[in-house]
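Student: sequence first, predicted model second:
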Amino acid sequence: MLHVCSLSKLPETIAATGARSLVTLINAEMDVPTPAGIAPERHLFLTFNDIVTPVDGLVPASEQHISEFVAFIRAWDRRAPLVIHCWAGISRSTAGAYVAACALRPEASEHRLAALLRERSPSATPNARIVAMGDRLLGREGRMIDAIRGIGRGANAFEGTPFMMPLDDQSV
């Protein structure tokens, strides 16, 4: 199972899910130690700001970041849960969950996966840059971008509520 949360909910999400793999998508200045129960090699720590276009002094997600992310997701054995988190659990992590679902379910409809994301997280506002890079890397020919545009901006929230993104045949 794939779980998504904010930084503040990370310890309780790891404990509640029994996760053994973790993806951190956060600003470079943030220190996020690998939690107990997660082997260091199963913690992917990618540092970039939650921006869509370059801004002086900030670091946007890069093709290299998203390539590393997809490789990590594809290497996940799925025997134990994986958690993706960012600062608020609204933008970078929800984009990550969507890209992960598309990477792990290449036959699944991008629109169905986006609708499932919205159903599971009313506040999800996936980072469009991450989605666009994932779309290109996965060869989805713009369908991921269109699907995320189709669900629109999420509900206003300071912090997203932790959620599970199903990856099984019955949900997709």
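Tutor: Thanks, I have the structure now.

Student: what ranges do the helices span in the protein?
Tutor: 10-17, 63-75, 92-104, 110-120, 128-138, 143-151 (DSSP state H).

Student: distance-wise, check residue 150 relative to residue 144.
Tutor: 11 Å (CB to CB, to the nearest Å). Any C-beta I mention is one placed from the backbone N, CA and C, and that applies to glycine too.

Student: shared neighbours of the two, which are they?
Tutor: Contact criterion CB atoms under 8 Å, 6 or more residues apart in numbering; residues shared by residue 150 and residue 144: residue 114.

Student: neighbour count for those two, which is higher?
Tutor: residue 144 (27 against 12; other CB atoms under 10 Å).

Student: what's the neighbour count on the nearest residue to that one once chain neighbours are set aside?
Tutor: Nearest residue to residue 144, sequence neighbours excluded (CB to CB, 6 or more residues apart in numbering): residue 135, at 3.8 Å. Number of residues near residue 135 (other CB under 10 Å) recorded here: 23.

Student: which residue sits farthest out from the middle of the chain?
Tutor: Within the chain, the residue lying farthest from the chain centre (CA atoms, centre = their mean) is residue 56, at 24.7 Å.

Student: and that residue, how close does it get to residue 64?
Tutor: Separation of residue 56 from residue 64 (CB to CB): 20 Å.

Student: this completes my enquiry, with thanks.
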